[in-house]
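A.B. asks: Sequence and computational prediction follow.
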Amino acid sequence: MNIVIIGGGTAGWSTALNFSSKTKSNITVISSKEIPIIGVGESTTGLFSDLIKTNLDEIDFFKQTGSTFKLGIKHVNWKNGNDYFNSPLGYDIDDYDYYRLYHIAENKKINLIQSALMENNQLPFCNNIPIEIEHTAYHLDTFKVGQYIKDFLLKENKVNHIEEKILKVNRDENGYITSLITESQKEIKADLFVDCSGFKRVLSDDVPFISYEDNLLVNRAVTFHIQNKENTIIKNYTQATALKHGWIWEIPLQHRMGCGYVFCDKFISDDEAIQEIEEYIGEKIEVQKIIPFNSGRLEKIYDKNVLTVGLSSAFVEPLEATSIHMSIFQVNYFIHCLEQSDLKNYNKNICDKWDNIRDFILLHYRSERQDTEFWKEASSDNRLTDNLKYMLNLWKQRPPIGDDYNVFSNLALGNTLWLQILLGMNILDSSMIKEDLIKRGLYDKAENEYIKVSKDMEYIKRNAINNNDFYKKLLKEIV
């Protein structure tokens, strides 16, 4: 199969790496320096780190790109404006997650190895030996990472690269792309065209767009960097701090912090957003970009012979690193369906998954905060989807189980992340959860597991390597 990928950002080059490693295809990437990529510091999920570890040298990747490990997300001031909770990464293990439900029943902060490492600025290595934990991801400098993957693919002759603008898209009478014409009048043909051109949607701007703006309020981001100092603590988590009119992300890299303030321009201007940022961090910033965005997805992610990936296909908002996650997932699932010769449900399943992600992000705004008009509007019941209303009403009667999310999506996010947000935002009735655990005979089991994990955490706290020591010393020692 001949595949042409449009776009030279993280989505484009990671898609090229994904297809080249899992299919026997001739792959061409077309990009142009004249068309800038979004290129802000990105937080990822385990799908991206799996892709890197499977195909590249992870230690060299860290050395060359300045990336860092991510163990989870720390949410600050989301519930009431004076609070925080950790949401570690993890896989869904049980349909009925009695361990996380125990935390809700007893109003305890999440007690996992990852959360202990997050609290103590440590990484999962004791005496240079990795600790086996459920899940790790990365924080990225997208420019460096895109270039690193590109260099690898070109050096190994796994893809072709054309650096030109596309001037014309030729289609047949049924709307299928037959070829692309570049500025040097090259005609590029393929069996599959992959649109990774971001919000420009070079190959897919004719596909109807389904907006999420009635549910999700934020629509703009101001991005900036904070350079690391000698005493900067390099954190192992993304921090998402709720401010007066939105929230700010802080993504730690080895050399700097990638930051951005996500807000709604209905409530504050760009200048007011910048002022709020500077009040929060206590210093002036140099704005990198101001990025307007529309929250939503395309009606079809795969249309005729065009697959959209990354920002081209959908964007909810920066919270929870869903963009890069879905870039990898959509290609993985496409390859799976292709191997099964069954693409008929691809669009429905991927679109349903995006809708499930929308609801998961919307859950974060079920806040007690009413201190500004933004929070009054963002937390309003009027912004709930029917799906989320259904689940929240269901969970007043019984605890969440894995199958609840599959009512609306065969590929839904599962219990792990949902329960951690439900816990942190104090949404569920703890007494009802406790009664259910006791009735199922799982309360004592969960409590004993909690005690055991607490003991394990104490050992790891004493012996795990400090984040900064890892990046300063251990990386230099590993060849």
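C.D. replies: Noted; the coordinates are in hand.
A.B. asks: for the helix or strand residue 273 falls within, the distance to its chain's centre please.
C.D. replies: Following DSSP states H and E, one finds residue 273 within helix 270-281. Its chain's C-alpha centre and that of helix 270-281 lie 25 Å apart, by C-alpha atoms, centre = their mean, to the nearest Å.
A.B. asks: buried ones in the helix or strand that comes right after it?
C.D. replies: Per DSSP H and E, helix 270-281 leads on to strand 287-292 as the next helix or strand towards the C-terminus. Under the neighbour-count criterion of 16 or more other C-beta atoms under 10 Å, strand 287-292 has 288, 291 buried. (Each C-beta comes from the backbone N, C-alpha and C, glycine too.)
A.B. asks: Stretch 345-361 now?
C.D. replies: For stretch 345-361, by 16+ other C-beta under 10 Å, it's 346, 350-361.
A.B. asks: quick one: contacts of whichever strand or helix holds residue 75?
C.D. replies: In this structure, residue 75 is located in strand 72-76 according to DSSP H and E. Outside strand 72-76, the residues that touch it by C-beta atoms under 8 Å, 6 or more residues apart in numbering are 43, 83-89, 114-115, 118, 235, 237-242, 320, 364, 421, 424.
A.B. asks: Neighbouring strands of that strand in the sheet, and parallel or not?
C.D. replies: Its sheet considered, strand 72-76 pairs with strand 84-88 (antiparallel), strand 237-242 (parallel) by DSSP bridges.
A.B. asks: Please tabulate the ones you listed in CSV and include mean neighbour count and mean pLDDT as additional columns.
C.D. replies: As requested, these are exported to CSV (neighbours: other C-beta atoms under 10 Å; pLDDT from 0 to 100):
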stretch, mean neighbour count, mean pLDDT
strand 84-88, 21, 96
strand 237-242, 23, 98
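A.B. asks: can you redo the ones you listed as JSON lines with distance to residue 201?
C.D. replies: Output for these, formatted as JSON lines (distance: least, C-beta to C-beta, whole Å):
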{"stretch": "strand 84-88", "distance to residue 201": "32"}
{"stretch": "strand 237-242", "distance to residue 201": "27"}
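A.B. asks: And those strands: which comes nearest residue 161?
C.D. replies: Distance to residue 161, taken as C-beta to C-beta, is lowest for strand 237-242 among the strands paired with strand 72-76, at 31.2 Å.
A.B. asks: Centre of the chain to that closest one, how far?
C.D. replies: Taking C-alpha atoms, centre = their mean, one finds the center of strand 237-242 at 13 Å from the center of the full chain.
A.B. asks: pLDDT on the strand holding residue 75, on average?
C.D. replies: If you average the pLDDT over strand 72-76, you get 97.
A.B. asks: Same check on stretch 334-353?
C.D. replies: Mean predicted confidence for stretch 334-353 is 94.
A.B. asks: related to what we said a few turns ago, from the buried residues of stretch 345-361, pick the one nearest residue 188.
C.D. replies: For the buried residues of stretch 345-361, the closest approach to residue 188 (C-beta to C-beta) belongs to residue 346, at 24.3 Å.
A.B. asks: Do you know the pLDDT at the residue most central in space within the chain?
C.D. replies: For the chain, the residue nearest the mean C-alpha position is residue 321 (1.5 Å; C-alpha atoms, centre = their mean). Here, the pLDDT recorded for residue 321 equals 92.
A.B. asks: and it, helix, strand or coil?
C.D. replies: At residue 321 the chain is in helix, as set by DSSP: H, G, I helix; E, B strand; the rest coil.
A.B. asks: thought it was touching residue 45?
C.D. replies: Yes. Counting by C-beta atoms under 8 Å, residue 321 does reach residue 45; the two are 5.4 Å apart.
A.B. asks: joint contacts of these two?
C.D. replies: Residues touching both residue 321 and residue 45 (C-beta under 8 Å, 6+ apart) are residue 137.
A.B. asks: hang on, the earlier thing: of all the buried residues of stretch 345-361, which comes closest to residue 295?
C.D. replies: In terms of C-beta to C-beta, no member of the buried residues of stretch 345-361 lies closer to residue 295 than residue 358, at 7.7 Å.
A.B. asks: buried residues in the helix holding residue 273?
C.D. replies: Buried residues in helix 270-281 (16+ other C-beta under 10 Å): 273, 274, 276, 277.
A.B. asks: Adding distance to residue 398 and pLDDT, write those residues out as a markdown table.
C.D. replies: Shown next, in a markdown table, are the buried residues of helix 270-281 (distance: C-beta to C-beta, whole Å; pLDDT from 0 to 100):
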| residue | distance to residue 398 | pLDDT |
| --- | --- | --- |
| 273 | 41 | 98 |
| 274 | 46 | 98 |
| 276 | 41 | 98 |
| 277 | 42 | 98 |
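A.B. asks: If we only consider the residues you listed, which is nearest to residue 192?
C.D. replies: Once C-beta to C-beta is applied, the member of those that ends up nearest residue 192 is residue 273, at 40.2 Å.
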